[in-house]
Each structure stands twice: as structure tokens, then as C-alpha cells.
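Enquirer: fold the following and give me the result.
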Amino acid sequence: MARFIVRRLVQAVLVILAATFLIFLATFALGDPFASSGEKAVPPDIAQANREKFGLDKPLPLQYLIYVGNMVRGDFGIDYDQHRPVSQLLEAAVPNTVRLAIVAIIIDILIGVIAGVIAAVKRYSFWDVLVTVIATLAIGIPVFVIGVVLVANVSGWGPFPSVPRSFTVQVPWYQEVLLPAFTLAIIDAAFIARLMRGSMLEVLRADYIRTARAKGLSERTVIGKHAMRNSMIPVVTYVGVSLGVLFGGAIITETIFQYNGVGYLLSRAIVNSNAPIIIAVVVFSVVAYVLISMLVDILYAFLDPRIRLS
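Expert: Alright, predicted model coming up:
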């Protein structure tokens with residue numbers, strides 16, 4: 001197991017280095033990302049400070065080493081609008097996005113896994129048809145449509161803050177996160193329900209499940225202890241990918257709800273051509289996605305020991 005984890009760690013480091021090198025080429029090697037463009041006038045002192053920070057007056061290989069060193073320290077230069085270190089803006093946004101991602105994934109798993117298990121155990125029943133129809137409809141609805149509908153009909157009601165909102169009014173995080181988390185969870189929960197149903201049906205036809213029933217084990221034990229564990233592998237795959245994407249920022253949902261996370265930070269940076277923030281968020285998203293994928297691989301090994309030998 002230790003060798004498996006070390007191998008995955010090495011692979012993750014190599015992928016991060018390769019990804020950051022491509023980001024470097026796209027942002028630094030092809031031009032000056034801190035130059036003024038269009039209607040965006042970058043303050044000369046801020047632009048010069050960023051150029052010095054990233055060594056744009058030095059040879060290209062040295063620029064990349066400086067870039068990696070800054071990235072490791074979390075130093076991405078100075079923000080154009082507020083003239084603050086970009087790392088401070090990320091420190092404020094990342095915890096909010098992490099909370100949003102975790103709450104959304106919890107809702108995904110609770111709804112999706114339970115619905116998928118019920119649909120599989122009661123195959124071809126009313127409940128199976130209901131889960132299948134609702135999941136199919138939910139998958140076909142774009143996330144921005146769900147967000148707009150919730151903003152128009154639910155925001156400002158009961159515990160949910162109104163949108164657009166005043167950032168001078170403090171709202172408890174659990175109230176602020178509910179609507180965007182539910183928006184993100186609807187489609188993912190539908191996918192998980194479909195995956196769980198298909199995987200569970202396949203496992204329920206396996207020989208060891210028939211053996212467990214022949215031994216006289218209760219149906220609850222057969223389903224809960226034997227069938228669900230092996231049925232969860234494709235669900236873990238999807239949840240891992242979804243969690244990596246959410247940690248990188250759900251830009252559409254966060255923008256709709258004006259939720260102060262990484263996605264909302266990125267959307268404002270794109271509108272304002274704020275290159276230091278764009279670069280920082282892209283790097284953070286790549287690193288978060290790779291690390292989450294590595295953790296999912298390690299979790300596979302616990303769910304299915306055969307994976308350690310592959």
C-alpha cells in the first residue's frame with residue numbers, strides 16, 4: 001500500500017509540473033500578461049512590480065524557475081483593482097469554495113446514493129421509474145437555469161439571503177451556502193443516482209451476492225455490507241472528479257449567487273482583465289484537481305485491493 005501511495009504522489013507531482021509549465025507558456029512566454037489591454041489601464045507601478053516579481057526581464061528558463069518558486073510560496077503578484085497581494089484574495093475565497101464544494105458533495109451523495117440503491121433494489125417498480133425519470137430530467141437542465149430559477153423564486157425567503165446581496169450585511173455561512181450548493185447538487189445527484197443504480201444492478205447479479213443470500217443473511221446485510229461497497233467505485237470516481245472541479249471554483253453558480261468564492265473571484269478578474277488573479281486561480285484549480293484525483297486513486301485501493309496491484 002505504501003508503494004502505491006508513493007507512486008501516486010510522484011505521478012501527481014509530475015502532472016502538476018507539466019500543467020504549470022503549460023500555464024507558464026500560455027501566460028508568460030507568449031507575451032507580457034501584465035501589460036495594459038483594451039480599456040483596461042494597468043497602473044504602471046503595479047505592472048512593473050509584477051514584472052519584477054516574475055522576472056520577465058530575465059531569460060525564459062530562469063523565468064520559469066522564478067514562476068515555480070513564486071507558485072510554491074503562494075506569491076502571485078499584486079491585484080490590479082485593490083492593489084493587494086493576490087494570495088490574500090485567494091485566502092479569503094478558497095475557504096468559501098471549499099465549504100460550498102463539501103456541502104454540495106454531501107447533498108449529492110445523500111440524494112444520489114439513496115435514490116440509486118432504491119431504484120436498483122426495487123427494479124422496474126414505481127420507485128425505479130420515478131428515480132429514472134427525475135434523474136433524466138435533472139441531467140438535461142443547465143446549471144445556470146437552476147440557479148436563475150432559485151434566485152428568482154427562493155432567494156430572500158426564509159433563511160436564504162437575497163440576490164443581489166449587500167456584502168456589508170453579514171450572513172451565517174450555512175445560510176449563504178445552501179442555495180448555491182443545492183444548485184450544484186441537483187445535476188450531480190442525478191448522475192450519481194444513475195451510476196449507483198447501474199453499478200448496484202451489476203453487483204446484485206454477482207455470485208458472491210447469491211452465496212450471501214444462500215447463507216441466510218438478511219437482505220439489509222446483503223445490500224448494506226456486501227453490495228454497496230463494490231457498487232461505490234464508479235460513484236467515487238464521479239464524486240472525485242466533481243469535487244476537484246468544485247474546489248477549482250464553480251464559476252457560473254458562484255457568479256449567479258454572488259458567492260464570494262474562487263469562481264466569483266475568477267469571473268470578476270476576467271471581466272476586469274486582472275491577469276494576476278486569473279493566473280493564480282488557474283494554477284490553484286489545476287493543483288486542487290490533481291490532488292483530489294490522487295486522493296480518489298488512493299481511496300480506490302481501500303475499496304478494491306486489486307487496484308493496488310495494477
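Enquirer: all helices of this structure, in order?
Expert: 2-24, 44-53, 60-73, 86-121, 126-139, 143-153, 173-204, 207-214, 219-221, 228-247, 251-256, 262-271, 275-303 (DSSP state H).
Enquirer: flag every buried residue along the fourth one.
Expert: When you say that, I think you mean helix 86-121. 86-87, 89-90, 93-94, 96-101, 103-105, 107-109, 111-113, 115-121 (16 or more other C-beta atoms under 10 Å). Backbone N, C-alpha and C define where each C-beta goes, glycine included.
Enquirer: likewise the shortest one?
Expert: Taking 16+ other C-beta under 10 Å as the neighbour-count basis, helix 219-221 is seen to contain no buried residue.
Enquirer: for it, what is the average pLDDT?
Expert: Averaged over helix 219-221, pLDDT sits at 81.
Enquirer: list the contacts of it.
Expert: Residues from elsewhere that reach helix 219-221 (C-beta atoms under 8 Å, 6 or more residues apart in numbering): 212-213.
Enquirer: quick one: distance of it to the chain centre.
Expert: Relative to its parent chain, helix 219-221 has a centroid offset of 34 Å by C-alpha atoms, centre = their mean, to the nearest Å.
Enquirer: and if you look at the last one?
Expert: Distance of helix 275-303 from the chain centroid (C-alpha atoms, centre = their mean) equals 8 Å.
Enquirer: show me what it is packed up against.
Expert: Judged by 3 or more C-beta pairs under 8 Å, 6 or more residues apart in numbering; DSSP states H and E, helix 275-303 is in contact with helix 2-24, helix 86-121, helix 228-247, helix 262-271.
Enquirer: ok, which of these comes nearest Ala135?
Expert: Checking the helices and strands packed on helix 275-303 against Ala135 by C-beta to C-beta gives helix 86-121 as the closest, at 7.3 Å.
Enquirer: show me the contacts for Tyr67.
Expert: 20, 24, 28, 54-55.
Enquirer: what's the local residue count around the closest residue in space to Val15 that isn't next to it in sequence?
Expert: Leaving aside its sequence neighbours, Val15 sits nearest to Val290 (C-beta to C-beta, 6 or more residues apart in numbering; 5.1 Å). Residues near Val290, counting by other C-beta atoms under 10 Å, number 19.
Enquirer: any idea how far Ile192 is from Val15?
Expert: Going from Val15 to Ile192 by C-beta to C-beta, to the nearest Å gives 26 Å.
Enquirer: who's more crowded, the two?
Expert: Using other C-beta under 10 Å, the more surrounded residue of Val15 and Ile192 is Ile192, with 27 against 17.
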